[in-house]
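give the three-dimensional model of this entry:
(2 chains)
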Amino acid sequence: MSQSAPAILVRDLHKSYGDHEAVAGVDFEVAAGEIFGLLGPNGAGKTTTVEILEGYRKRSGGIVSVLGFDPEQRPRALRERTGIVLQSCGLYRHIRVREAVAHWAGLYPHPRDVDEVLEITGLAERPNEPARSLSGGQRRRLDLALALIGDPDLIFLDEPTTGFDPAARREAWTTIRQLQELGKTVLLTTHYLDEAQALCDRVAIIKEGRILTEGPPATLSASAGRYRVAWRDEAGKLQEREEEDPTALLHQLTSAALARGAGIEEISVTRPSLEDIYLELTSDPVDEAV
Amino acid sequence: MSTATLSWRQYRLERRMFWRNPAAAFFSFFLPLLFLFLFGAIFRDSQENLDIIVPGIAGLSVMATTFNALATQMTFLREQGVLKRIHGTPLPGGAYLAGIIGSAATNAVFQIAIVIVAARFVFNIGWPQNWPDLIVFTLLGITCFAAMGVAYSHVIPNFEAAPAYTNIVFLPMIFISSVFYDVDVLPKFLADIAEALPLIHVINGLKAGLVTGAPLSDQLSDLAVLAIWTVASVFFAIRGFSWTTRD
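Residues are numbered from 1 along each chain as shown, chains lettered A, B, ... in the order given. Modelled structure (predicted):
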């Protein structure tokens, strides 16, 4: 696989609705075979950005390349190679599960096997169920099945696990990781930061139409720099302190404990999670005051 | 796969979906036929009235199966995001619409066929007097009202509003367009309105085809009005078309 050509390239992307600038100069790249996460609060510009990449919206400015195509021109060759799971999206009221997947298969030049796709999306047990009687989570799996049936190289997942119970979410994660093993590229938007942390090779946090930070989830956490050290002191009170480098503090705590001849209770040293970074970056000053 | 093949697959899916929805199948398929037999029973002793009602119901059927059905269906598909989902696949938009409109046209043709059979065996009118009239006005009526239905769906705000929006057009139009009684009984201003609308011209043509056998050359003014409505409807159907609810 070519490392040089990114699957998605976005440069200085702008999108305005009247006076409102929903996307105000976004840049990012997604390498082929990567799982890339776009995170941000509602109204941050995530969905607008993704819908421009999917070819649903026209950009106001900037450069966009998806698998080497300009999505705004909506070339059929691009649509044949992309699978899209939209945030909320209906289906025929009277269509059945397998019937829908088989019909969609006919829209693509080189579809995957229908039963295989039903299997990996966990729908194989009820192929004749009407789509409308599926539960929310099962509907979402059908959305995924319809996005995968064309054997796309690039898959857009807009909040793919919303409404899933924890077990179903884990299963979906496994499916998404399997896509990566097959060499697929995935662009994911999600509200769930644990999901981004578990799945994404890299994430970008977007707010008010701009990318605030970007990188692998682990690096983002590390670059926030601080360690949080928590312990119970000799009076039995919980203490907590943030340190750039916790070495000195730990040494101080351990030597004091040794001098007392007692252990330190409940000591922990943690890095901020992606969630901490996210909340710190995206929270409004007003929220902090509350 | 070619656009023709894709259109055909979509058409077959639409037919299956249609028959799986008994309520829709009833309203756009059996209701006009119910009208036919009710009014036929009421006016069974007056051949003069039957000669008006039978082509009138044929015209009503063409409008109900295309205009009403497509205005409602396109609103539903847009609101539910089905159009948006389809738009993200390689299926050409034209092939998708051909499948949907083809399905509506099939219902219209079925109904015309049933009216023809009923005219012969129930209403004592006989087989159609002029097939070219019948074919031309059936096809033009389908094209005109199908395009009008798609165009009209652009102004219907949501699916709940769709029945009200379609009926406010459909009901007045059938009452003034010589479906149930001759247009001569209408006050002049209503008759003038009816003459400006497409339905009465479809019915005039169908009446020539089913009952009077007047040659197509006698129906040129009907053809002209329908052609204008068809061109305008196709223009607005395409121009206002949106695959999504936003923007």
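
backbone phi and psi for the one residue in chain A that gets nearest to chain B, please?
Ranking the residues of chain A by distance to chain B (C-beta to the nearest C-beta) places A:Gly90 first, at 2.9 Å. For the C-beta atoms, the positions are set from N, CA and C on the backbone; glycine is no exception. When quoted as degrees, to the nearest 10, the phi and psi of A:Gly90 stand at phi -90, psi 180.

what's the pLDDT at it?
At A:Gly90, the model reports a pLDDT of 84.

what do you get for B:Asp247?
43.

same check on A:Ser223?
Confidence score, pLDDT, at A:Ser223: 61.

also the one 3 residues further on?
Among the per-residue scores, A:Arg226 holds a pLDDT of 74.

repeat that for A:Asn42.
82.

tell me the secondary structure at it.
coil (DSSP: H, G, I helix; E, B strand; the rest coil).

re the thing from before, what's the closest non-adjacent residue to the residue of chain A closest to chain B?
Excluding the flanking residues, the one nearest A:Gly90 by C-beta to C-beta, 6 or more residues apart in numbering or on different chains is B:Gln80, at 2.9 Å.

next up, the contacts around the one you found.
A:89-91, B:159 (C-beta atoms under 8 Å, 6 or more residues apart in numbering or on different chains).

quick one, phi/psi of it?
Backbone geometry at B:Gln80, expressed as degrees, to the nearest 10, gives phi -80, psi -10.

so what's the residue of chain A closest to chain B up against?
When contacts are counted by C-beta under 8 Å, 6+ apart, A:Gly90 is found next to B:79-82, B:85.

pick the one among these closest to chain A.
Distances from chain A to those, taken by C-beta to the nearest C-beta, are shortest for B:Gln80, at 2.9 Å.

in the helix ranked longest in chain B, what's buried?
The residue-count maximum for a helix in chain B (DSSP state H) belongs to helix B:93-121. For helix B:93-121, burial by neighbour count (16 or more other C-beta atoms under 10 Å in any protein chain shown) applies to B:95-109, B:111-112, B:114-116, B:118-119.

what is that helix packed up against?
helix B:3-19, helix B:31-42, helix B:47-63, helix B:69-79, helix B:82-87, helix B:131-153 (3 or more C-beta pairs under 8 Å, 6 or more residues apart in numbering or on different chains; DSSP states H and E).

change it to 6 Å
helix B:3-19, helix B:47-63, helix B:131-153 (3 or more C-beta pairs under 6 Å, 6 or more residues apart in numbering or on different chains; DSSP states H and E).

mean pLDDT added to those helices, as JSON lines?
Formatted as JSON lines, the helices and strands packed on helix B:93-121 follow (pLDDT from 0 to 100):
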{"stretch": "helix B:3-19", "mean pLDDT": "94"}
{"stretch": "helix B:47-63", "mean pLDDT": "90"}
{"stretch": "helix B:131-153", "mean pLDDT": "96"}
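
relative to chain A, which of these is closest?
helix B:3-19 (5.2 Å).

test my guess that B:Arg85 contacts A:Cys89.
Yes: with contact defined as C-beta atoms under 6 Å, B:Arg85 counts as touching A:Cys89 (4.9 Å).

could you report the neighbour count for residue 64?
I'll assume chain A. Counted with other C-beta atoms under 10 Å in any protein chain shown, residues neighbouring A:Val64 total 20.

wait, chain B
Residues within reach of B:Ala64, counting by other C-beta under 10 Å, total 24.

distance of it from A:Thr174?
50 Å (C-beta to C-beta, to the nearest Å).

swap in A:Gln87?
For A:Gln87, the distance to A:Thr174 (C-beta to C-beta) stands at 22 Å.

those two - which one has more neighbours?
A:Gln87 (16 against 10).

for the more buried one, which non-adjacent residue is spatially closest?
Closest to A:Gln87 by C-beta to C-beta, 6+ apart is A:Asp158, at 4.4 Å.

quick one, phi/psi of the one you found?
Dihedral angles of A:Asp158 (phi, psi; degrees, to the nearest 10) stand at phi -100, psi 100.

can you check the pLDDT for the residue nearest to A:Gly90?
So B:Gln80 comes in at 90 (pLDDT).
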